[in-house]
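Asks: Sequence and predicted structure are below.
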Amino acid sequence: MVVFPNCKINLGLHVTRKRPDGFHDLETVFYPFPVTDALEVLTHPSLQFASSGIDVPGDATDNLCLKAFHLLQRDFPQLTPVNIHLHKHIPIGAGLGGGSADAAFMLQLLNQKFQLGLSEAALIDYAAQLGSDCPFFILNQPCYATGRGEIMEPIQLDLSAWSFVLVHPGIHVNTGWAFKQLTPQAPVHSLTEMIQLPVAEWKEVIRNDFEAPVFRAHPVIGAIKDQLYTAGAVYAAMSGSGSAVFGIFPKNKIAGILWDTSYRVFTIK
């Protein structure tokens, strides 16, 4: 079986409170974005994992796809070994949730392949054990999210009438470092209100709290946002804690931009 885990972008992100458990409460709007990995799972005599495409850092045994398998096998010992192949295309460490997407799609794939009968709610519970962004990819539709990102409310938001440019400059922003740069505070207006405004008005009212410290540390990321606006974007923002930046353009009206050749650029028309 083969599935294609997609990434996400954050349409605004507020860090509202540091929790007693050391994590942070936030509010954001998750929006699915059509840049994908490929994940194949085949029955096999022994559990195996391999990856291709973008190099995945760290020990392969720590990959979230394997963790998803072991998480389900703990409760469903009838899961037999599989051969997992992940082709990595979504930029890593970019604020796009690629690893979380792979884990969530792995849970859904195993649920289908082994006919476990898990409900959407059960899959979300398992996904939350793998990472804060993972539950979103079970729903995989526009959502207003709070808590650590796992408390989700689907919203009506269709951006198919717009074009997108997503730029990753190859910079890895450490999420733990990024959180330490912030002083959490409740926003004056909730994203649930602001996201209902016309897209052309988002520039003035929607923000990502991580942008200020990340742009100070990595001015090139802020420069990408400026370039997108100069090229005609009606709204541009960094996704998550960075470093990917996206711009929303009127349909099929993306001006040519000469990006640094080391950047990865995705255009969605």
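Replies: Here it is on my side, so go on.

Asks: how much space between I124 and T43?
Replies: Using Cβ to Cβ, to the nearest Å, I124 is found at 26 Å from T43. Backbone N, C-alpha and C define where each C-beta goes, glycine included.

Asks: out of those two, which sits in the more crowded spot?
Replies: In this view I124 and T43 are compared by other Cβ atoms under 10 Å, and I124 has more residues nearby, 20 against 11.

Asks: Spatially nearest residue to P187, not counting backbone neighbours?
Replies: H14 (4.7 Å; Cβ to Cβ, 6 or more residues apart in numbering).

Asks: and the one you found, how many neighbours?
Replies: When counting by other Cβ under 10 Å, one arrives at 22 neighbours for H14.

Asks: Contact partners for it?
Replies: Taking Cβ atoms under 8 Å, 6 or more residues apart in numbering, we find H14 in contact with 26-28, 186-187, 191, 207, 209.

Asks: helix, strand or coil for it?
Replies: Here H14 takes the strand state, with states given by DSSP: H, G, I helix; E, B strand; the rest coil.

Asks: Repeat that for G242.
Replies: coil.

Asks: So what's the residue count around it?
Replies: When neighbours are counted by other Cβ under 10 Å, G242 registers 28.

Asks: Ok, S119 next?
Replies: 9.

Asks: cool, the one 10 residues further on as well?
Replies: As a burial measure, Q129 scores 14 neighbours (other Cβ under 10 Å).

Asks: what sits against it?
Replies: Q129 sits next to L71 when contact means Cβ under 8 Å, 6+ apart.

Asks: if I look at it, how far off is A103?
Replies: 10 Å.

Asks: Tell me which stretches of the stretch 51-200 of the chain form helices.
Replies: Ranges of helices within the stretch 51-200 of the chain are 64-75, 98-113, 120-128, 134-139, 175-180, 191-194, based on DSSP state H, counting those that start in this stretch.

Asks: could these be laid out in CSV, adding mean pLDDT and distance to H87?
Replies: Shown next, in CSV, are these (pLDDT from 0 to 100; distance: least, Cβ to Cβ, whole Å):
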stretch, mean pLDDT, distance to H87
helix 64-75, 97, 12
helix 98-113, 98, 10
helix 120-128, 97, 21
helix 134-139, 97, 17
helix 175-180, 91, 24
helix 191-194, 93, 33
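
Asks: List just the one of these that sits closest to Q156.
Replies: Closest to Q156 of the helices of the stretch 51-200 of the chain is helix 191-194 (Cβ to Cβ; 11.4 Å).

Asks: What residues of the closest one count as buried?
Replies: Neighbour-count burial for helix 191-194 flags 191, 194 (criterion: 16 or more other Cβ atoms under 10 Å).
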